[in-house]
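*Asks:* compute the structure for the input listed below.
(chains A, B, C, D and E, ligands or ions: 9)
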Amino acid sequence: MTQPMMHHGGPPPPAAPADVPARRLLVTLAAAGAAAGLLIVVVYGWASPIIERNKARALQAAIQEVLQHPARYDTLYRGGDALTAAPPAGTDLKTAERVYLGYDAEGRAVGYAIAAGEPGFQDVIELIFGYDPATGRLLGMKVLESRETPGLGDKIEKDSAFVRQFRAAVAPLAGVKPDRHAPGDAHQVDMITGATISSRAVIRIINHAVERWGPLLAAHQPGTKP
Amino acid sequence: MSQERRLLITASPHLGTRDSTPKIMWHVVLSLVPVAAAAAYFFGASALLVIAGALLGALLTEGAFAGWGTLRDGSAVITGLLLALTLPPGLPVWMAFVGGAFAIGFGKLIFGGLGQNVFNPALLGRAFLQAAFPVALTTWPVPRGSFWQLKGDNLALPFTHPHAVDTVTGATPLGLMKFDHVPTEPWRLVLGTTGGSLGETSGLVILLCGAYLALRNYLNWRIPASIFLTVALLAQVLHALDPRQFPDAVFMLFSGGLMLGSVFMATDLVTSPVTNLGCWVFGAGIGLLVVVIRLWGGLAEGVMYAILLMNALVPFINRATQPKVFGHASPRAAP
Amino acid sequence: MGDLLWILISAMVVNNFTLTLFLGLCPFMGVSSRVATALRLGAADTFVLTLASLSAWFLNRFVLPGAPYLRLISFIIVIASLVQIVEMVIKKVSPTLFRELGIYLPLITTNCAILGLAIFQTNRGYTLLEGLFFAVGAGAGLTLALVLMASIRESTELADLPAVAQGIGLVLIIAGSLSLAFMGFAGLGMAG
Amino acid sequence: MIFRGFRHGVHPPELKDLTAHVRIRRMPFPSEVVIPLRQHTGRPARAIVRPGDRVERGDLVAEADGFLSVPMHASAAGRVRQVRLWPHPDGSYAPAVVIAVDPFSPQAQRPRVIPDWRGLTPAELVNAIRQAGVVGLGGAAFPTHVKLTPPKDVVIDTLLVNGAECEPYLTTDHRSMAEYPERVHLGIRIMMRVLGVSRAIIGVEENKPDAIAALRATLPADLDVRVQPMRVKYPQGAEKMLIKTLLGREVPSGKLPMHVGVVVQNVASVATIAEVFETGLPLIERIVTVTGRGVGRPSNLIVPVGTKVRDLLDACGGLLPEAREIVFGGPMMGNAQADLDAPVIKGTTGVVVLTEEDLKPQASYPCIRCGHCLDACPVFLNPQLLGRLAVKERYDEMEQHHLADCMLCGCCGYTCPSNIPLPQLFALAKAALRKRKAAA
Amino acid sequence: MTPKATTPAQDVLRGIWRENPVLVQLLGLCPTLAVTNSVANSLAMSAATFFVLLGSSVLVSSLKRLVPNEVRISTYVLIIATFVTVADMALEALVPAIHKALGAFVALIVVNCIILARQEAFASRHSVGRAALDAVGTGLGFSIAMLLMGTFRELLGNGTLLGHRIFGTAFEPWVIFALPPGGFLMLGIILLFLSWTARRRAEQAKVRPWPEGVAERKAA
Ligand SMILES: Cc1cc2nc3c(=O)[nH]c(=O)nc-3n(C[C@H](O)[C@H](O)[C@H](O)COP(=O)(O)O)c2cc1C
Ligand SMILES: Cc1cc2nc3c(=O)[nH]c(=O)nc-3n(C[C@H](O)[C@H](O)[C@H](O)COP(=O)(O)O)c2cc1C
Ligand SMILES: Cc1cc2nc3c(=O)[nH]c(=O)nc-3n(C[C@H](O)[C@H](O)[C@H](O)COP(=O)(O)O)c2cc1C
Ligand SMILES: Cc1cc2nc3c(=O)[nH]c(=O)nc-3n(C[C@H](O)[C@H](O)[C@H](O)CO)c2cc1C
Ligand code: SF4
Ligand code: SF4
Ligand code: SF4
Ligand code: SF4
Ligand code: FES
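*Replies:* Ligands and ions are numbered 1, 2, ... in the order given. Down below sits the predicted model:
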């Protein structure tokens, strides 16, 4: 049988003097802790800006993708019953609910990017999608995080035909089997054969998010920003 | 004294039943023939190709690693045949072959061969295939067209994708119910004119064959009985609560692989409990898991997983259901 | 309540720590040859998981918001100290259990299932109660996997295994088969 | 009151028709008889004769060695040839007294006092039974006087007479009951007197209607004796099963029938006790069924103890060419004989000559966990598990799984489709454990 | 028991094959199964583990005289956790995609039994140089196992190696090898294969009079 323990001979660990004063133990631990803390803080100082930058870039790329490359975008927060440019007072910047409003080169608002997540087949699917409240049209969808089955469920991000549908469909979406697609119905989205559950989850996530944000977005008057 | 030298000296008992292990196995093979014939009737040449692939995979593996003589006991034939009966008719033959080889190699021989395996080899083979080639294993052609018209790319080259062929595929009754809440007429289920795997077609044929085996005591009737009872009971209660969401008992019993699984696969002597009480428990567990997976799980069909999961519990069930020994006050304490 | 129950069931069978998330495999391979021992290891594991969940929640709530980079170190130190205490308790209460699991206690202390639970719980932002249900579910799942494996291994002891299968290779094949069977739970409760 | 009887068990083909209606006849004396000193459970007897000694029929040739032992008597008049090792029906070689039978002797018993049993106290009765060398004729050959002297602290309330004869082929008890019902009743009367019980039940499987009728027709009016037909099922005659069927009592594991207030005695033993007091002769002959499709003329014979199988078979038309195995006892529990010189002993209920088509096939397969053996075992053991443990020589675990309760009845082996020699494995395991205990 | 003298080469080689931490000692199974569904992930995980192992071994060995026995384990854990935190942050900063794929398993290097086992069994008892050599060997052994798994699983499960198509587009991937059961099965198959070869070698070398590990000696 296996012995998942250390079974190598060797000299015993250097015997510490019989009675180590408690003070020495504490001092050693404290010193080691301090040194470790120092090292970590130094590395953190170096890495954290890069990590934040990476994350921002990834988010930016996703927003660019789902809003079809707007010229620029703003972050808007949910503040009570309205969208505000600054996070409402007292909320944590990290957890504040938000959407991203994109503008085209002329400064016209093109739509909102909304991030949302719900369970799929294996685990929670996190995605972001672009949405135009005026027409109810989707502008694009990108899966941010999922653990769906490779070759099956992961088609929700890798199957370009599936992803492309979310550039024109109109909310609320309805998932259908490809062979039952009624031509001309802009609400219908073809599900992926063999990954019905994952496809359905994507559609459900978007519909729920639209339900949740829709009134708020419709009420918001973005105006134009040059 | 030639007379004396011809005498045998064997241990008692000197008499025995006329049943032998090969005889039991070949009887099961025999009673699977009508089921396979029904599959051939509904799915034509495709069915025969898939059966041939799975059988060949099983038999070659058994012969090569356990010796060709062991083929005579017939158990590898059952494994190959039953595996084939759980596969979709349009499956490439090479995949069926892989399934048969895995079933025997990793489902049976690795445990020491006949009688020593823990999981039902045929179902382990199918679970492997379903995880390895999920799309091919969930493509269901509808029984239609001439005998010789293949229902899928059965002849795809080894290791290559099956190509789409010109047949109608459709969801199985379970898929329709689960994902679209569309029920199927009961008589079509009983007769087997619906889409599905080779053997999940005619519940009637399977029940008759199973009854024959049960009468000969080659399978333990308590297992299918317990599965049917549990499923019917749970289904009927849930159906009464919400008829739109939950199908009724007849649908649950006759759709999917429940018949084939309960009659031929849950009853595999080797991978089911040895005690009768254990068989009741085993069947109830399968029934419960089938209902849970079908109604709340991510998959349309759960018979295979339910049986495999309960297979894993069999050593435990055996140990927990030892009968009270004659002359002892209480069931034996498990050491 | 439904959600809590759901977290528990999901951690137990759908995302079983051992069979689908690959956490805590070393003790799974090492201590799964007897059902009795497996049960006790499972119980110990569940207990430590619960402690870990509590500690992680406490740290996340009160300590770490100010120093996210200390997450790992503080988790490991706090959980390890707590388990050390548990170890002393077990030693007192059941010397036999201690003897049997003695060499594995350090493994449980610094076991990936334990730390994994703390990290998952943090990533998913579970509340105190959710975390506890998560821990109990994960512990039940670990115990289930351990006991299944042990009872199967006990029964294969009576089989005439082929020579190559007499080592740990067979155990992995059994684990693979169990994992295949557990795929039946995939997507449980997520459809619809 | 009829109880459901014991559960499990098997239904082997009965095959009793060969001799069921053949009247008992006496076989001619052979030219040589061999009296093994060990024919019973307990210590072997001690020989008291020397080569050359002249013995008459019924003379003592070996005396009992202790309480759990019985004396042996000459079954024919003649001269002691040797006291030597001789093939024993259990397959070993054991010391035996070999007597050359005097071909001209009238084979009459010596004049001897026939004690009137009515005048004897229970203790004197037991002593007479003991001196007559009576043992159980049901198979195990347990010294009868031991059963008849229960310890003071147990209360016996019922005498059960075992007329089940559940083994296939055998008709010894059947013919005894049908032809000598009065003798059976007399034996019961004597035993009831000895034991001081007021109730006796004769259990007979219902496939022997003539025996049941004969016993009922001769029932004594003054005693509470009942004849109870029982379902035909093997091992209905095993004493624990019999007690369960007739009285609904379950003998606790490791205990004896007397602990539930019962003494079980085979009908032939009971009849023998009566004979002892009718004729004054000790147990020197018994009824043996010689049967099977491999023997020329299947018969029920009165056979002198010590007759060699060879002579016995000759008296029944000899072995046929298709004979493949000769079994002492029934085919379920009996021993196959390697040597035609092995003698019939007190416990030999029958000699069955089996042909190829009767025999269990010899090919064996791996256990397929069909569970048939569990459904067969009348003591509710798990022979499947025990068998696997036995193959791995894990005897201690077998003991934890109640190997000790196994009575080696053979039901599991009979029913196993993979033909695993389960009872043999269990016998070996019991022997190994016994040896280990003795060494410890 | 006095330790056998080992050469530096033996210090390294031991961990690579004869005492391979994964394939022989069955330690560190979780990462070996969890993150080996592609070669890239295996490589990143190996590199991170290697870094932590080497760093901790050197530090533990050099501090061995300063650390009292009672707080030995705590100190090791502290040291290891520090290196892991560093590696975690570095990976996240430098290769965010892979860091995401590895998920929690980078952080879980802290509890990888291999690392603690080497500290306790070797680094804390030997010189810095030998500890480093041992860490290199063990790290390489771990990497070999990871790469073996990663290669087979990516090749079969996806038909690619490091993202490059190997078998052409007609190949039907065996998705199972990218899934959890496939991880178990693949390691099982590798171990069965190793046990089969070991058995064959043992059969061929049956003439060898001494058990393995005992130095060859001349017949008298
Ligand atoms: C190994 C395996 C992995 C699966 N992975 C997914 C998945 O990632 N996403 C999904 O929606 N369904 C998944 N399924 C579920 C089945 O493919 C299911 O039958 C399908 O979702 C139903 O779709 P259909 O109606 O198009 O056949 C998986 C099934 C198996 C056996
Ligand atoms: C499996 C088995 C079957 C038995 N069947 C019979 C039987 O049919 N008839 C019988 O008299 N004794 C049978 N015996 C023996 C009885 O258990 C019991 O020893 C006997 O009846 C006691 O009577 P005795 O001492 O006079 O022989 C059987 C024993 C066993 C173990
Ligand atoms: C060691 C031993 C002691 C026994 N003591 C008694 C006894 O005191 N009283 C009794 O009625 N039977 C006694 N028996 C007899 C058994 O109950 C049983 O009748 C005998 O072993 C024959 O059993 P069978 O023919 O069923 O195998 C004893 C048996 C053994 C082996
Ligand atoms: C009633 C019965 C059902 C069986 N069912 C299966 C089965 O579902 N799958 C299988 O591989 N073998 C089956 N077998 C054959 C055999 O028992 C099986 O291959 C063993 O598991 C191999 O050890 C069956 C045999 C019998 C008698
Ligand atoms: S098996 Fe034979 S000896 Fe035993 S009870 Fe039946 S007939 Fe008598
Ligand atoms: S075989 Fe069973 S019944 Fe016979 S003596 Fe032994 S323990 Fe008693
Ligand atoms: S021989 Fe023993 S195990 Fe077999 S049926 Fe008889 S009592 Fe049960
Ligand atoms: S009857 Fe034979 S094959 Fe069946 S379980 Fe018992 S030992 Fe195994
Ligand atoms: S790496 Fe050892 S338990 Fe996970």
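
*Asks:* number of nearby residues for residue D:336?
*Replies:* Using other C-beta atoms under 10 Å in any protein chain shown, residue D:336 is surrounded by 21 other residues. Every residue, glycine included, has its C-beta placed from N, CA and C.

*Asks:* oops, could you answer that again for residue D:323 instead?
*Replies:* Look at residue D:323: counted by other C-beta under 10 Å, it has 22 neighbours.

*Asks:* now the one 5 residues further on
*Replies:* Neighbourhood size, residue D:328 [other C-beta under 10 Å]: 24.

*Asks:* same check, this time on residue E:158
*Replies:* Using other C-beta under 10 Å, residue E:158 has 23 other residues around it.

*Asks:* could you find the closest non-adjacent residue to the most centrally placed residue in chain E?
*Replies:* Nearest to the mean C-alpha position of chain E, by C-alpha atoms, centre = their mean, lies residue E:142 at 1.5 Å. Using C-beta to C-beta, 6 or more residues apart in numbering or on different chains and skipping residues adjacent in sequence, the residue nearest residue E:142 is residue E:21, 5.4 Å away.

*Asks:* ok, now which ones touch the one you found?
*Replies:* By C-beta atoms under 8 Å, 6 or more residues apart in numbering or on different chains, the contact set of residue E:21 is E:15, E:27, E:28, E:114, E:117, E:138, E:141, E:142, E:145.

*Asks:* go again using 6 Å as the cut-off
*Replies:* E:27, E:28, E:114, E:138, E:141, E:142 (C-beta atoms under 6 Å, 6 or more residues apart in numbering or on different chains).

*Asks:* end-to-end on stretch D:338-347?
*Replies:* End-to-end distance of stretch D:338-347 (C-alpha to C-alpha, to the nearest Å): 18 Å.

*Asks:* circling back to that earlier point, wait, a strand at the residue nearest to residue E:142?
*Replies:* No: according to DSSP: H, G, I helix; E, B strand; the rest coil, residue E:21 belongs to no strand; its state is coil.

*Asks:* highest neighbour count among the contacts of residue E:21?
*Replies:* Within the contacts of residue E:21, most neighbours by other C-beta under 10 Å means residue E:138, with 32 neighbours.

*Asks:* need the three-state assignment for that residue.
*Replies:* Following three-state DSSP, the label given to residue E:138 is helix.

*Asks:* ok, how many other residues are close to the residue lying closest to it once chain neighbours are set aside?
*Replies:* The shortest distance from residue E:138 to any non-neighbouring residue, by C-beta to C-beta, 6+ apart, is to residue E:15 (3.7 Å). When neighbours are counted by other C-beta under 10 Å, residue E:15 registers 28.

*Asks:* quick check: residue A:65 touching residue A:142?
*Replies:* Yes: the criterion here is C-beta atoms under 6 Å, and residue A:65 meets it with residue A:142 at 5.2 Å.

*Asks:* what residues does chain C put near chain D?
*Replies:* Residues of chain C that fall close to chain D, judged by C-beta under 6 Å from any C-beta of the partner chain: residue C:158.

*Asks:* where is the longest helix in chain C?
*Replies:* Scanning chain C for the longest helix, with DSSP state H as the assignment, gives helix C:128-156.

*Asks:* whichever helix or strand comes after that one and ligand 4 in contact?
*Replies:* Once the chain leaves helix C:128-156, the next helix or strand it forms, by DSSP states H and E, is helix C:168-182. No: Helix C:168-182 stays clear of ligand 4 (C-beta under 6 Å from any ligand atom), getting no nearer than 13.0 Å.

*Asks:* and helix C:168-182, anywhere near ligand 1?
*Replies:* No: looking at helix C:168-182 against ligand 1 by C-beta under 6 Å from any ligand atom, there are no contacts, and the closest approach is 9.0 Å.

*Asks:* got the buried residues for that helix?
*Replies:* For helix C:168-182, burial by neighbour count (16 or more other C-beta atoms under 10 Å in any protein chain shown) applies to C:168-182.

*Asks:* now do that helix, average pLDDT.
*Replies:* For helix C:168-182, the per-residue pLDDT values average out at 95.

*Asks:* and if you look at stretch D:13-28?
*Replies:* Mean predicted confidence for stretch D:13-28 is 94.

*Asks:* which helices and strands does the longest strand along chain A pack with?
*Replies:* Scanning chain A for the longest strand, with DSSP state E as the assignment, gives strand A:109-119. Applying 3 or more C-beta pairs under 6 Å, 6 or more residues apart in numbering or on different chains; DSSP states H and E, one finds that strand A:109-119 contacts strand A:98-103, strand A:124-132, helix A:196-219.

*Asks:* tell me which of those sits nearest to ligand 2.
*Replies:* Closest to ligand 2 of the helices and strands packed on strand A:109-119, according to C-beta to the nearest ligand atom: helix A:196-219, at 60.1 Å.

*Asks:* what residues of that closest one count as buried?
*Replies:* A:196-207, A:209-210, A:213-214, A:216-217.

*Asks:* now swap in stretch D:148-159 and tell me
*Replies:* D:148, D:150, D:156, D:158, D:159.

*Asks:* tell me the one of these nearest residue B:133?
*Replies:* Taking C-beta to C-beta as the measure, residue B:133 lies nearest residue D:158 of the buried residues of stretch D:148-159, at 70.8 Å.
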